[in-house]
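J.: Turn this into a structure:
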Amino acid sequence: MALVLFAGLLLARTWMSWPNPTVDSARELMIPARVAAGERLYSDVVAHYGPVSVWLHAAADRAVGLHVGTPLVLLVPLAAGTLASL
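T.: Coordinates of the predicted model:
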């Protein structure tokens, strides 16, 4: 329980003060955006890692819209579930 509270405190303390996504991680944002727009992974879009993360992020882009905070819709509950399972 203390770990979950600590993680929540850190999340609240650093909320939206993370690196600039267009400079530091544009590839991680643009590959799912391109897949969400209809391009095919590995034939239209070069990707060096497995497809599951890209497909999940592309589904979040389609569901919520293309915003910088869209991956949070997917990743915050995923991290909470991981912490809860510990």
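J.: Low-confidence ranges, this structure, go.
T.: Scanning the chain with the threshold set as pLDDT under 70 gives 19-25.
J.: distance of V73 from G50?
T.: 21 Å (C-beta to C-beta, to the nearest Å). All C-beta atoms are positioned from the backbone trio N, CA, C, and that covers glycine.
J.: So these two - more neighbours on which side?
T.: When neighbours are counted by other C-beta atoms under 10 Å, V73 comes out ahead of the other of V73 and G50, with 16 against 9.
J.: give me every residue that touches that one.
T.: Counting by C-beta atoms under 8 Å, 6 or more residues apart in numbering, V73 makes contact with 60, 63-64.
J.: which ones are touching the residue with the shortest distance to the centre of the chain?
T.: Among the residues of the chain, the smallest C-alpha distance to the mean C-alpha position (C-alpha atoms, centre = their mean) belongs to P71, namely 3.1 Å. Contacts for P71 were tallied using C-beta under 8 Å, 6+ apart; they are 29, 57, 60.
J.: hey, C-alpha coordinates of the helix or strand harbouring it in CSV?
T.: P71 belongs to helix 70-85 when elements are defined using DSSP states H and E. What follows is helix 70-85, C-alpha atoms only, in CSV (Å, rounded to 0.1, in the frame of the first residue of the first chain):
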residue,chain,number,x,y,z
THR,A,70,-3.3,10.2,-25.0
PRO,A,71,-0.7,7.5,-23.9
LEU,A,72,-1.5,8.3,-20.3
VAL,A,73,-5.0,7.0,-20.8
LEU,A,74,-3.4,3.6,-21.5
LEU,A,75,-0.3,3.7,-19.4
VAL,A,76,-1.6,5.0,-16.0
PRO,A,77,-4.2,2.3,-15.6
LEU,A,78,-1.6,-0.3,-16.8
ALA,A,79,0.9,0.9,-14.2
ALA,A,80,-1.7,0.9,-11.5
GLY,A,81,-2.7,-2.6,-12.4
THR,A,82,0.9,-3.7,-12.3
LEU,A,83,1.5,-2.2,-8.9
ALA,A,84,-1.7,-3.7,-7.6
SER,A,85,-0.6,-7.2,-8.7
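J.: Alright, that wraps it up for me.
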